[in-house]
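Participant: Fold the following for me, if possible:
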Amino acid sequence: MLSGTGRHRRPRQAPAILVTAGVTSAGIAMPFMGATGAQAVEPSTWDAVAQCESGGTWSANQDNGYYGGFQLTLKTWKKYGGTEYAARPDLASRGQQIAVAEKILAGEGPEAWPVCAVSSGLAAEANASADGAT
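Facilitator: Residues are numbered from 1 along each chain as shown. Next up, the predicted model:
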């Protein structure tokens, strides 16, 4: 028995022009998504930075205002979203500290670790990534 109210009608397809516009827009946006400063530094490079900064001690807290493997200040930790993970860098895991360091690198560049970025290879790796993204 048919009710005639149309409650179970087959859904209409979106007009072809809208589908085409959506696909075209996505194609235009894709190159820009890769150019947002994502660095993707090798974990071993981050380990080398931490080795230089804190002797590789991810839980470093010397009561000098610098914390964790990368010897970050609380101001920097907060600015780049570290409190999403822990109150201080030394209380966060290695992976969490690296996640925040990636954001710092994208925002400030390797100059955030002026000495250790050079000796660890971070500066060279970040510059190579940036050159490859252009």
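Participant: quick one: buried residues of the helix or strand hosting residue 75?
Facilitator: If you go by DSSP states H and E, residue 75 is part of helix 74-79. For helix 74-79, a neighbour-count test (16 or more other CB atoms under 10 Å) marks 76-77, 79 as buried. C-beta coordinates here come from the backbone N, C-alpha and C atoms, glycine included.
Participant: Let me know the closest of those to residue 89.
Facilitator: Of all the buried residues of helix 74-79, residue 77 has the smallest distance to residue 89: 5.2 Å, by CB to CB.
Participant: In space, what's closest to that closest one - neighbours in sequence excluded?
Facilitator: Using CB to CB, 6 or more residues apart in numbering and skipping residues adjacent in sequence, the residue nearest residue 77 is residue 89, 5.2 Å away.
Participant: Just give me the neighbour total for that neighbour.
Facilitator: Using other CB atoms under 10 Å, residue 89 has 28 other residues around it.
Participant: where's residue 101 relative to residue 67, distance?
Facilitator: Counting by CB to CB, to the nearest Å, the gap from residue 101 to residue 67 is 13 Å.
Participant: ah, wrong one, I meant residue 116
Facilitator: 15 Å.
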